[in-house]
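Student: Build me a model:
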Amino acid sequence: MSLQDRIINHFTDSIQTQQDAMTYLCELIEYASQRLVAALLNDKKILACGNGRSATSAQLLSSAMLNQYERDRPSLPVIALTTDTATITAIANDYSFDDIFAKQLRALGQSGDMLVVYTDGNCSANISKVVSAAHDKDISIIALTGNNGSMIAPFLRETDIEIRVPSNSNARIQEVHVLITHCLCDLIDQQLFG
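Tutor: A predicted model of the protein is given here:
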């Protein structure tokens, strides 16, 4: 297979995964946006986290909401729990890497807030712990997952939303997570600011 054929395969696979996601996930994405808007309208905030490349999706959501997505508008309270390296490394060093998100959420989260979790593969211990900590504080969860999402499903409650990308490829899952994040940002802006 030539290098150009490999490129074509990446584009084709990405397009197919996006089409499948569009077919199966539109209602869930709409509902997730409505839940996020309801929290914001009630003076609550959104917290977001993920590991590795999924951490960048949490940061994308935070930066688009704190600054702007595609238009100038008031800043919205979204905190990425993935960005404070001093805090993350202190928690990992003094306690455990498994606690890096849960410890932050316990301090920053309040009842009625929303937690957006990004995971493209296995449900890491730090993700299951932050989900548990969120439930302890009456914080609902929106989990963006992939076909292995069933690993996080046992930790979710009826009030939570799982948006499971129909793919087993981490690269395709992450690409669609970015697209879903863009959809959520646009839908939040639309509902709040018209």
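
Student: Run through this structure and note the low-pLDDT ranges.
Tutor: 148-150 (pLDDT under 70).

Student: How are the strands of it distributed by residue range?
Tutor: For the chain, the strands defined by DSSP state E cover 46-50, 78-80, 114-118, 140-145, 161-164.

Student: and the top helix by length along the chain, how far from the chain's centre?
Tutor: For the chain, the longest helix by residue count, based on DSSP state H, is helix 3-41. Per C-alpha atoms, centre = their mean, to the nearest Å, the displacement of helix 3-41 from the mean C-alpha position of its chain is 13 Å.

Student: Show me what counts as buried in it.
Tutor: Going by neighbour count (16 or more other C-beta atoms under 10 Å), the buried part of helix 3-41 is 14, 17-18, 21, 25, 28-29, 32-33, 35-37, 39-40. The way it works is simple: take the backbone N, C-alpha and C, and place the C-beta from them, glycine included.

Student: Distance to S111 added to those, as TSV?
Tutor: Converted to TSV, the buried residues of helix 3-41 look like this (distance: C-beta to C-beta, whole Å):
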residue	distance to S111
S14	39
T17	36
Q18	36
A21	32
L25	28
L28	24
I29	25
A32	19
S33	21
R35	15
L36	16
V37	18
A39	11
L40	15
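
Student: Looking at those, which is nearest A90?
Tutor: A39 (28.5 Å; C-beta to C-beta).

Student: A32 is in contact with that closest one, correct?
Tutor: No - A39 lies out of contact with A32 (C-beta atoms under 8 Å); the separation is 10.9 Å.

Student: what's near enough to touch A92?
Tutor: Residues near A92 by C-beta atoms under 8 Å, 6 or more residues apart in numbering: D99, I100.

Student: what does F193 give?
Tutor: R71, R73.

Student: Now do it against D72, distance only.
Tutor: Separation of F193 from D72 (C-beta to C-beta, to the nearest Å): 10 Å.

Student: Now Q68. Its backbone dihedrals?
Tutor: When read as degrees, to the nearest 10, the backbone of Q68 gives phi -160, psi 150.

Student: Kindly provide the distance from it to F193.
Tutor: Distance from Q68 to F193, by C-beta to C-beta: 11 Å.

Student: Give the residues shared as contacts by those two.
Tutor: The contact sets of Q68 and F193 do not overlap (C-beta under 8 Å, 6+ apart).

Student: angle of the longest helix of the chain against strand 140-145?
Tutor: Put simply, helix 3-41 runs at 180 degrees to strand 140-145, going by axes from the mean of the first three to the mean of the last three C-alpha atoms, to 10 degrees.

Student: quick one: contacts for I46?
Tutor: I46 touches 36, 39-40, 61, 65, 76-79, 113-116, counting by C-beta under 8 Å, 6+ apart.

Student: Without its sequence neighbours, what residue ends up closest to it?
Tutor: V78 (4.4 Å; C-beta to C-beta, 6 or more residues apart in numbering).
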